[in-house]
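Colleague: only geometry, no sequence info:
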Ligand SMILES: [Zn+2]
């Protein structure tokens with residue numbers, strides 16, 4: 001039987017997709033484009049941290065990388 005038959009509670013929604021909760025299965029369903037992913041509460045929390053950490057570190061990396069490029073003496077730049 002499809003999990004779609006159970007009523008879902010919409011938890012969050014943005015341009016990336018939606019997250020809804022099935023109170024019958026106790027599972028969170030993530031719909032991101034054509035991808036549908038069912039995870040439990042603990043995995044949702046871990047996924048949230050994973051994405052936040054990745055986003056944070058990507059920003060740090062991009063900022064540091066920009067600074068590094070700016071700090072290079074001009075004769076060391078590759079143009
Ligand atoms: Zn369900």
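Modeller: Yep, it's here. Given the structure is predicted, the values throughout are model-derived calculations rather than measurements. Residues are numbered from 1 along each chain as shown.

Colleague: Just give me the residue right at the centre of the protein.
Modeller: residue 51 (4.1 Å; C-alpha atoms, centre = their mean).

Colleague: Now residue 33: closest residue in space that isn't a chain neighbour?
Modeller: residue 17 (6.7 Å; C-beta to C-beta, 6 or more residues apart in numbering). Backbone N, C-alpha and C define where each C-beta goes, glycine included.

Colleague: Could you measure from the one you found over to residue 74?
Modeller: 44 Å (C-beta to C-beta, to the nearest Å).

Colleague: More neighbours: these two, which one.
Modeller: Using other C-beta atoms under 10 Å as the criterion, residue 17 and residue 74 rank with residue 17 on top: 14 against 6.

Colleague: Quick check on residue 73: phi, psi?
Modeller: phi -60, psi 140 (degrees, to the nearest 10).

Colleague: count of neighbours near it?
Modeller: Residue 73: 6 neighbours (other C-beta under 10 Å).

Colleague: do residue 28 as well
Modeller: A count of nearby residues for residue 28, using other C-beta under 10 Å, gives 22.

Colleague: And for the residue lying closest to residue 40 once chain neighbours are set aside, the neighbour number?
Modeller: Spatial nearest neighbour of residue 40, chain neighbours left out: residue 27 (6.1 Å); criterion: C-beta to C-beta, 6+ apart. Neighbourhood size, residue 27 [other C-beta under 10 Å]: 19.

Colleague: Residue 31 too?
Modeller: Neighbour tally, residue 31, other C-beta under 10 Å: 14.

Colleague: That one is in contact with residue 14, isn't it?
Modeller: No. With contact defined as C-beta atoms under 8 Å, residue 31 does not reach residue 14; the gap is 11.6 Å.

Colleague: how much space between residue 34 and residue 17?
Modeller: Taking C-beta to C-beta, one finds residue 34 at 10 Å from residue 17.

Colleague: Now do the buried residues in the helix or strand of the chain with the lowest mean pLDDT.
Modeller: Least confident helix or strand of the chain, by mean pLDDT, DSSP states H and E, is helix 41-71 with a mean of 93. Under the neighbour-count criterion of 16 or more other C-beta atoms under 10 Å, helix 41-71 has residue 44 buried.
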